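Colleague: With the sequence up front, the predicted model follows.
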Amino acid sequence: MEKRRLDPIPIHSHAMENLRYIRETMERAGSFTAVPGWGGVTMGITAVAAAVVAQWQISPKKWLATWLVEGLVAICIGLIAVQQKARAAGLETWSAPARKFAFSFAPPVFVGAVLTLALWRPGLEGLIPGMWLMLYGTGVITGGVFSVRVIPLMGACFLGVGAVALLGPAALSNLWLGLGFGGLHILFGWMIARKYGG
């Protein structure tokens, strides 16, 4: 005959475990946690490289092409990294929080694309770097409402760098773009990877 347990497990231990599980499940369901830290670091490294390449461009068209290619590369890196992190965490890539993040992030990026064309035509390309950084920061803040806490802070830093770039000399545009899209992605990507895993 099987021996009975001498020390029964207190009911409050089970209740605490259940509450912890429910809280973690609700947090995962309510926020977009598949923000890729190492993907952000990689995006930052490619942005630093783009800043170096763009600095050597004599033609404004080639300068713009360099940064547009970098933007496409960064988008690809970001999408792949999000899929990998979501898969590793057992999360849906296109969950409700992920959709909220994407739909909040997309309008400022769309505005940035339209304003790029609008500023390019009259030869006001010196305003483009600051505008990009500020609108990207706006998108990160609005999308970050549905993500981990550090994301809106990252967006605020982009706003700050963008404001300096917008008001500063156009000759330093690659420096500010490299610092923003490069340095901030590397710094916050590293922080996200350490604190939130990958």
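Modeller: Structure's in. What do you need?
Colleague: CA atoms for contacts and neighbours, from now on please.
Modeller: OK.
Colleague: from memory Ile186 sits against Gly40, does it?
Modeller: Yes: Ile186 lies in contact with Gly40 (CA atoms under 8 Å); the separation is 6.2 Å.
Colleague: Same drill for these two, tell me which one is more crowded.
Modeller: For Ile186 and Gly40, the more surrounded residue by other CA atoms under 10 Å is Gly40, and the numbers stand at 29 against 24.
Colleague: Tell me how far the more buried one lies from Ala118.
Modeller: Distance, Gly40 to Ala118, using CA to CA, to the nearest Å: 29 Å.
Colleague: Also Ala193?
Modeller: Distance from Ala193 to Ala118, by CA to CA: 37 Å.
Colleague: how much space is there between Ala88 and Pro36?
Modeller: Ala88 is 11 Å from Pro36, by CA to CA.
Colleague: in the protein, what secondary structure element scores lowest on mean pLDDT?
Modeller: helix 11-30 (a mean of 59; mean pLDDT, DSSP states H and E).
Colleague: circling back to that earlier point, tell me which of Ala88 and Pro36 has more neighbours.
Modeller: The neighbour count for Ala88 versus Pro36, taken as other CA under 10 Å, is higher for Pro36 (26 against 11).
Colleague: got the contact list for the more buried one?
Modeller: Going by CA atoms under 8 Å, 6 or more residues apart in numbering, Pro36 touches 78, 81-82, 85, 189, 192-193, 198.
Colleague: now Leu64
Modeller: Going by CA under 8 Å, 6+ apart, Leu64 touches no other residue.
Colleague: follow-up on the earlier one: which among the contacts of Pro36 gets closest to Pro122?
Modeller: Gly78 (32.1 Å; CA to CA).
Colleague: Which residue, other than its chain neighbours, is closest to that closest one?
Modeller: Spatial nearest neighbour of Gly78, chain neighbours left out: Gly39 (5.9 Å); criterion: CA to CA, 6 or more residues apart in numbering.
Colleague: Now the helix or strand encompassing the one you found: average pLDDT?
Modeller: Element membership for Gly39 (DSSP states H and E) is helix 37-55. Taken as a whole, helix 37-55 has a mean pLDDT of 94.
Colleague: list the buried ones in that helix?
Modeller: 37-48, 50-51, 54 (16 or more other CA atoms under 10 Å).
Colleague: Spatially nearest residue to Pro60, not counting backbone neighbours?
Modeller: Once flanking residues are discounted, Pro60 sits nearest to Glu125: 7.9 Å by CA to CA, 6+ apart.
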